[in-house]
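# Return atomic coordinates for the entry below.
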Amino acid sequence: MSIAQELEKIKGTLPAGVRLVAVSKTCPPERIGEAYGAGQRIFGENRPQELAQKAAALPADIAWHFIGHLQTNKVKHVVGVARLIHAVDSERLLMEIEKEGARRSLAVPCLLQVHVACEASKFGFSPDVLRGLFRQDFFIRTPHVQLAGLMGMATHTADRAQVRREFRALKNLFDEIKQAYFPADDAFCELSAGMSDDYGIAVDEGSTLVRIGSAIFGAR
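Modelled structure (predicted):
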């Protein structure tokens, strides 16, 4: 199927309120242009230099999301280009984003990455560490970081019940933090969870942003 057909197929499975982030990393601008021509407007990149190059070359109304592990020395290349940073996974990274946001007088929308998988290779705050940061009012120190929600990745496994448990734990933590700290803040509204092989489960468990690449653009 064509990129347009794949997009139509995937979007047909998403309920209202769930948005598709087309993961365009390593894809040439021509293929992204095909998706754009089919109506897709949110694209995800994981390398700062590639993000900057594509943002300069492609239509200005694209909402670029940075979805990869972000190194602190690359923050300056992402802030002001990405509409949303998905994977903020450490206090050090938060402080660097705050520093760059303050320098540019920008509020930088970010998602806090939570480690819910049973794989040590994945990044993210543990739920207890994240709760501790909120209890300690850590985020008062980062007024230029606009917290927009949480992000997480499930274990890469054929055990769908385990994947569901992990996504459910992520949603429960989102609800807990939302109720305790952002009950009247409409900006804290996103749960980024689910990729090509597990997004259906993630949507069932409350995801509002699904990150899908290979199902649209093919294997990289």
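
# what's Gly194 in contact with, if anything?
Phe167, Gly200, Ile201, Ala202, Val203, Ser207, Val210, Arg211, Ile212 (C-beta atoms under 8 Å, 6 or more residues apart in numbering). Any C-beta I mention is one placed from the backbone N, CA and C, and that applies to glycine too.

# switch to 7 Å and redo it
By C-beta atoms under 7 Å, 6 or more residues apart in numbering, the residues touching Gly194 are Ile201, Ala202, Val203, Ser207, Val210, Arg211.

# Cross-check the contact I'm expecting between the first one and Glu166.
No: between Ile201 and Glu166 there is no contact, the gap being 9.3 Å when judged by C-beta atoms under 7 Å.

# Who has more neighbours out of these two?
Glu166 (25 against 20; other C-beta atoms under 10 Å).

# and the host helix or strand of the more buried one, what other elements does it pack with?
Using DSSP states H and E, Glu166 sits within helix 160-181. With contacts defined as 3 or more C-beta pairs under 7 Å, 6 or more residues apart in numbering; DSSP states H and E, helix 160-181 has these neighbours: helix 127-135, strand 145-152, strand 190-192, helix 199-204.

# chain center to that helix: distance?
With C-alpha atoms, centre = their mean, to the nearest Å as the basis, helix 160-181 stands 15 Å off its chain's centre.

# and what of stretch 62-81?
With C-alpha atoms, centre = their mean, you get 11 Å for stretch 62-81.
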